[in-house]
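Undergrad: the sequence and its predicted three-dimensional model are supplied below.
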Amino acid sequence: MTELLDAAAAWDRLRRIRTADDALAAGLVTDGDGALRWGRPATPEAAELADRYLPLCLAGPRIAFAQLGQSLDGFIATRTGDADYVTGAEDRCHLHRLRALSDAVLVGAGTAVADDPRLTVRACAGDNPVRVVLDPRGRVPRGSGVFTDGAAPTLWVVGPDAAPMARDTGAEVLILPDAAAFAPERLLTALARRGLGRVLIEGGGVTVSRFLRERALHRLYVTVAPVLLGDGIPGLRFPGTPVMREALRPPLRRALLGQDTLFEFTLEPDAEPSGGQADGT
Ligand SMILES: NC(=O)c1ccc[n+]([C@@H]2O[C@H](COP(=O)([O-])OP(=O)(O)OC[C@H]3O[C@@H](n4cnc5c(N)ncnc54)[C@H](OP(=O)(O)O)[C@@H]3O)[C@@H](O)[C@H]2O)c1
């Protein structure tokens, strides 16, 4: 009897897939509906992993996607900035899988200061992405783990005034000439030029909202936890519409992650980059 493909083996195959040819080589076949599924008997967990992550694996060499975990009332941290943890263990595993499928994981200065995050892949098998910190004013402490722990390469993206304080850490420093160079599409272009085409925007709310507002995202994952915070650090914020019928309702997939619900939105980013190269080159 053929051994069932289990979740660990399925993930090991999935995380290496970037093209349709890779998918075939990994043992996926097209079924009657045109969907890809494992060509050999697989556990339900292995089938679910393929269903959830294949669209991202096959989304192409240049893709920006974001993930936030939020309370039912729309906050990603308490008012003191504590986000430890908003969502449960299954969502943490999902987040680490997203990191493993990325070339780069990007956070804003607020997250780097509040969380001192490691941004590495620990809850599943996979390679660590390059860590990118957006810090135009150079307010992230030089001793932060991402700059000093050596666990993965880090790119510290700063404005010209912050350049002196960003020198001589374990991070590579990218100095951008002005505020315009921090526009999401220009940042993504600069990262793609460094071979970092698949970028996970991991927070916080200000950063993800700007990428969403400026139509730089191809995909958005929001995990909603059944917890009410009342106030706190907001998640997505952008100019809304006056009437419900004009609200943003992108195509959606839903999944249960323990007590939490994962919403996966497919977005239509602007096809054309909004400006020149972020680093002026
Ligand atoms: N639950 C979750 O999923 C989750 C995920 C991540 C973080 N968090 C929590 O969220 C909180 C931090 O989020 P936040 O929304 O306050 O801040 P944030 O998004 O982490 O950082 C925002 C700051 O980053 C810089 N920045 C980001 N994108 C930029 C761009 N395109 N151009 C120029 N500057 C840019 C700016 O720094 P300057 O202000 O210096 O100009 C901006 O104010 C923390 O409490 C953290 O624990 C929760």
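TA: Received it, and whenever you're ready, just let me know what you need. Model, not experiment: these values are computed from the prediction. Numbers count the residues shown, from 1 in each chain.
Undergrad: the host helix or strand of residue 22: what's the following helix or strand?
TA: For residue 22, the enclosing helix or strand under DSSP states H and E is helix 20-25. Toward the C-terminus, helix 20-25 is succeeded by strand 28-30 as the next helix or strand (DSSP H and E).
Undergrad: what does that next one contact?
TA: Contact with strand 28-30 is made by 17, 36-39, 50, 54, as judged by Cβ atoms under 8 Å, 6 or more residues apart in numbering. (C-beta placed from N, C-alpha, C; glycine too.)
Undergrad: got the residue ranges for the strands in the stretch 101-250 of the chain?
TA: Assigned by DSSP state E, counting those that start in this stretch, the stretch 101-250 of the chain shows strands spanning 104-108, 130-134, 154-158, 172-175, 198-201, 219-225, 233-234.
Undergrad: any chance of those strands in a markdown table, plus distance to residue 84 and mean pLDDT?
TA: What follows is the strands of the stretch 101-250 of the chain, written out as a markdown table (distance: least, Cβ to Cβ, whole Å; pLDDT from 0 to 100):
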| stretch | distance to residue 84 | mean pLDDT |
| --- | --- | --- |
| strand 104-108 | 15 | 98 |
| strand 130-134 | 19 | 98 |
| strand 154-158 | 21 | 97 |
| strand 172-175 | 28 | 96 |
| strand 198-201 | 20 | 98 |
| strand 219-225 | 13 | 98 |
| strand 233-234 | 13 | 98 |
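Undergrad: out of those, which is closest to the ligand?
TA: Nearest to the ligand among the strands of the stretch 101-250 of the chain is strand 104-108 (2.4 Å), distances taken as Cβ to the nearest ligand atom.
Undergrad: please see if that closest one touches the ligand.
TA: Yes - counting by Cβ under 6 Å from any ligand atom, the ligand has neighbours in strand 104-108: 107-108.
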